[in-house]
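Participant: my questions concern the predicted model and sequence given below.
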Amino acid sequence: MTDNSTLYLQNQLCFKLYTASRLVVRGYQPMLNELGLTYPQYLVLLVLWQRHEQQQLPMSLKSLGAELHLDSGTLTPLLKRMQKQELLSRVRSDDDERQLQIALTEAGLALQSNAKQWRDTLSQSLQCQREELNAMALQLDALIAELS
């Protein structure tokens, strides 16, 4: 008889990652609802807020997709909705019309302070110590690098 325990659900790393991801996103849901955002839109804003702080806006659609590990087919409809919400602008590059440049609007930038307050509240509600979360983040970074 063969040992099939490696196929048991509770032994699957992918299931643990999936479940943890869903639960973290669920923790963000009240904030996202208040801000009128989906989780993927929030991720876009995180990248744009960082780039704004580093004075690296506008950024190309291709760069944004690479940073988020999303293809343009997934990202384009998301960005169109965000543009309709007036959170960002999408403009063709003067140098190359094939390039789409993404930048924050004032409304998109204004959401950053609200998001920071909610994120801090969520972080405080976790029972993990900061060191444990940092170690987990490093392990996940290594896994992502290995799988990319």
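Facilitator: Arrived safely, thanks for sending.

Participant: C-terminal to the helix or strand containing residue 34, what's the next element?
Facilitator: Using DSSP states H and E, residue 34 sits in helix 13-35. The helix or strand immediately downstream of helix 13-35 is helix 39-53, counting by DSSP H and E.

Participant: which neighbours in the sheet does the helix or strand following that next one have, and how are they oriented?
Facilitator: On the C-terminal side of helix 39-53, the nearest following helix or strand under DSSP H and E is strand 59-60. Here strand 59-60 has these sheet partners by DSSP bridges: strand 100-104 (antiparallel).

Participant: give me the angle between the partner strand and helix 39-53.
Facilitator: Counting by axes from the mean of the first three to the mean of the last three CA atoms, to 10 degrees, strand 100-104 lies at 80 degrees to helix 39-53.

Participant: please shift the residue numbers so they start at 6 in all later answers.
Facilitator: In the new numbering, first residue 6, that becomes strand 105-109.

Participant: helix or strand with the lowest mean pLDDT in this structure?
Facilitator: Lowest mean confidence among the helices and strands of the chain (mean pLDDT, DSSP states H and E): helix 111-130, at a mean of 84.

Participant: just the angle between the helix or strand just after that helix and helix 18-40, please?
Facilitator: Once the chain leaves helix 111-130, the next helix or strand it forms, by DSSP H and E, is helix 135-152. Counting by the same axes, to 10 degrees, helix 135-152 lies at 110 degrees to helix 18-40.

Participant: what count of nearby residues applies to the closest residue to residue 73 other than its chain neighbours?
Facilitator: Among residues not flanking residue 73 along the chain, residue 48 sits closest, at 5.8 Å (CB to CB, 6 or more residues apart in numbering). In this view, the C-beta of every residue, glycine as well, is placed from N, C-alpha and C. Neighbourhood size, residue 48 [other CB atoms under 10 Å]: 17.

Participant: no further questions, thank you.
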